[in-house]
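**Q** would you be able to build a 3D model of this:
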Amino acid sequence: MAESEREQRRLAEKLSDWLNLTAVATLVALLLSVHNFYRSYFYVSQQLDVTVTEVSYTTNRGELYATVAFANSGNRDAAILRVEPALWRRREGQNPEWVPLVDQVPEIAPVVPRTPFVVRAGGVEVVSLSTQLQPELAEQALVATHGGAFLGVRVATMNSDGRLFRLEHPIARLSVDEAGRIRDANPLIHRSLPGFQQVQRTPPGDVTPPTAHTPFVWADPHYK
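**A** Okay, the predicted model is just below:
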């Protein structure tokens, strides 16, 4: 009889342990469910990183190419409204500014994919830019104090709250020799840019050392 009671006690203890384990597992599952619900419907994280990865200028053909990556590490979608290359120059009667380059390279789309488009939460999109830039126009845009002409990128974005942001930043300097001709190019951006902040940078651009975000940049010399 005593043996039977001990066996019943052991069974009761095992059942109690199993019930406790089940209760803990249920509580953990409930907490995870609440956390996921909060993250999905209440918690908002909006972060968009803009990284220029490559710039190239085939000078004597007047063809400029650039690649820009958009990484959305937030939990809300981001809209890319416009991406365009630009040249720092003075238009008649105005102060120097980033002037968009809009002349198309024959048979090549200026922006791929076409804007506007959406970068999904947790996603990455890579944009290819191409445009015509006659070397004479770049050489006329020489900034004497910095020894070259400056290429930049202009980006317009919108977050999920409908707020609009504009980025303007130098991406490369076209070095000009004593004869006033382009000889090569150097990167002027060594970091990712925040896509949901107002960023308006003028030449000469970043002065920080090169990093993993520094784009590959090149330009061939300009010969008449």
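**Q** element containing the residue nearest to Arg76 when sequence neighbours are not counted?
**A** Counting by C-beta to C-beta, 6 or more residues apart in numbering, the nearest residue to Arg76 once its immediate chain neighbours are dropped is Ser160, at 3.8 Å. To be clear about C-beta, it is placed using only N, CA and C from the backbone, and glycine gets the same treatment. Using DSSP states H and E, Ser160 sits in no helix or strand.
**Q** can you check the one 5 residues further on too?
**A** Taking DSSP H and E as the criterion, Phe165 maps to strand 164-176.
**Q** and that strand, how far out from the chain's middle?
**A** The chain centre lies 13 Å from the centre of strand 164-176; the measure is C-alpha atoms, centre = their mean, to the nearest Å.
**Q** how about stretch 214-221?
**A** Taking C-alpha atoms, centre = their mean, one finds stretch 214-221 lying 19 Å from the centre of the chain it belongs to.
**Q** only C-alpha atoms, please: export it in CSV.
**A** What follows is stretch 214-221, C-alpha atoms only, in CSV (Å, rounded to 0.1, in the frame of the first residue of the first chain):
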residue,chain,number,x,y,z
THR,A,214,33.6,54.8,-50.3
PRO,A,215,32.4,54.3,-53.9
PHE,A,216,34.5,53.1,-56.7
VAL,A,217,35.1,56.3,-58.8
TRP,A,218,37.0,56.9,-62.1
ALA,A,219,37.2,59.3,-65.0
ASP,A,220,39.4,59.1,-68.0
PRO,A,221,41.5,62.2,-69.1
